[in-house]
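# Kindly return the folded structure for what I paste below:
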Amino acid sequence: MSHAEDIYAGVSPAEFTHWKQVAHQVAGKLRSSLLARDRANQHPHEEIDWLRQSGLLKLAVPKSQGGGGADLVQALEISRIISAADGSLGQLIAYHYSNGVWSYILGTREQWQFIAQGVAEQGWFQSSISNPRDPRLQIEWDGEDLLVSGRRTFATGAAVSQVMTIAVWVEDQLVQYQITADRPEIQFNDDWDNLGQRLTASGTLQFNRLRLRPEDRLSGLEQQPESAVLRNALRNQFSQLIFVHFYLGIAEGALQQAAHYFRETVKPWPESGVEQALDDPYHRLKAGELASELAAGIALAEKTAHAYQTAFHAGDTLTEQQFGELAILTDQAKVIANNVALKVTHELFELTGGRSTGNHYGLDIYWRNVRTHTLHDPVTYRTREVGDYLLSGKLPVPRVYVPPKA
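A predicted model of the protein is given here:
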């Protein structure tokens, strides 16, 4: 499988320094307006345009297709920078990079190039509609075309996207289609009003006899059926990996904001016997604990990102052993990122104190964002998989999704 020789080839350290500077510039804009935007709870059309104008949407598209040429390790680091400023937009850009991986794995060379060039030349933002817990779509055939109808939930980013991947159960086969998002048969519902990740446009949408043509069907896996199962399973692994990185990015942003608040505002407790809060050893202890655990989580996340990239580039030669080892590493990273992000965003208030709970400070946003998304895929199942490997020596195998009952 090789749609492009320079797929996720990576850029030089000097070039990547430039891209990080670009990401920090966008992050500054997002951070300064976060509280007002979170309260407004609007679809992030303007914010996606900031990412588009900065060039970050095309960062991971190969240079041969007009993109930035970054590898997946570099793209994930960029997603952490954006997540530190705004967890919602960090999730969206991470999903966008992930959907690029999906297009590459699932599509033919021609299908992938169509998407890659749209992202590079027109600034397309990619979304996917694939919640496995949704009921079946209603389908009817019109010749070779498939007409689908029904409601989809957790349609993250779809309302602000230009192209989307749609998973459809056709009898007992899960078929992936990719279409532009401007079809009149798609109704986007502005109904996402949740505790956190409020700027991800993660509400519902409705398909009203949406026409899916044979050429919309992503058929790249069928060209190498002997390796299709493992290559397809890499999609799910990358989905887990983007969760890891934007959770940790949110935690980084939370700790940075808490440290800033501490330096500017916190006063010593009367019983501490110190002149300034910084001299209180309990504050230093808590700050050191949170910072150290976060650093360990990031180190594991980066190690996993490198391992994923190696597995991705193995292509058709990827073995079950290699996949299983990657899956365990990803599970471990997910467990740590989940727990560290929840801990940091919760316990930072022990550093910042009672006044910091004022809504005008917005320090609650970080916990709300992490708590909302960490429920998306219960971490207990990843923990169980790690424990199973430790006790039995059994490596994970690709997950198999079964058709919903209704």
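# Would you mind identifying the next helix or strand past the helix or strand where V335 lies?
Assignment of secondary structure by DSSP states H and E places V335 within helix 320-352. Remark: after helix 320-352, the chain's next helix or strand is helix 364-374, criterion DSSP H and E.
# Run a quick neighbour tally on the closest residue to L348 other than its chain neighbours.
In this structure, L348 finds its nearest non-sequential neighbour in A258, 4.0 Å apart by CB to CB, 6 or more residues apart in numbering. Glycine gets a C-beta too; all of them are placed from N, C-alpha and C. Using other CB atoms under 10 Å, A258 has 26 other residues around it.
# OK, contacts around A258?
A258 makes contact with L348, L351, T352, S356, L363, according to CB atoms under 8 Å, 6 or more residues apart in numbering.
# Out of those, which end up buried?
L348, L351, T352, S356, L363 (16 or more other CB atoms under 10 Å).
# can you list these in TSV and add pLDDT and distance to Q138?
Shown next, in TSV, are these (pLDDT from 0 to 100; distance: CB to CB, whole Å):
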residue	pLDDT	distance to Q138
L348	98	47
L351	96	52
T352	97	51
S356	97	50
L363	98	45
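# Closest to D280 out of these?
L351 (10.1 Å; CB to CB).
# From I105, how far off is the closest one?
Distance, L351 to I105, by CB to CB, to the nearest Å: 43 Å.
# One more: A233?
Distance, A233 to I105, by CB to CB: 10 Å.
# And S79, by the same measure?
19 Å.
# neighbour count winner among these two?
A side-by-side neighbour count of S79 and I105, using other CB under 10 Å, places S79 first with 28 against 23.
# Chain neighbours aside, what residue packs nearest to the more buried one?
Closest residue in space to S79, ignoring its immediate chain neighbours: A94 at 4.1 Å, by CB to CB, 6+ apart.
# now the strand or helix carrying the one you found, how far from the centre of its chain.
Element membership of A94, judged by DSSP H and E, is helix 87-106. Relative to the chain's own centre, helix 87-106 is displaced by 6 Å; criterion: CA atoms, centre = their mean, to the nearest Å.
# Which SSE is immediately downstream of that helix?
Later in the chain than helix 87-106, the nearest helix or strand by DSSP H and E is helix 109-122.
# domain assignment for this structure?
13-125, 138-222, 225-392 (automatic domain parsing).
# Quick one: end-to-end length of the longest one, please.
In other words, domain 225-392. One end of domain 225-392 sits 30 Å from the other (CA to CA, to the nearest Å).
# Now find how far off-centre that domain is within its chain.
Computed by CA atoms, centre = their mean, the chain-centroid distance of domain 225-392 equals 13 Å.
# cool, and the first one?
Between the centre of domain 13-125 and the centre of its host chain there is 11 Å, according to CA atoms, centre = their mean.
# One more: the second one?
Centroid separation for domain 138-222 versus its chain: 19 Å, with CA atoms, centre = their mean.
# What's the end-to-end length of it?
25 Å.
# contacting residues around stretch 239-248?
Stretch 239-248 is contacted from outside by 76-77, 79-80, 83, 87, 90-91, 94-95, 97-98, 294, 297-298, 301, 304-305, 308, 330-331, 333-334, 337-338, 340-341, 370, 373-374, 376-377, 382, using CB under 8 Å, 6+ apart.
# Right, I'll call it a day here.
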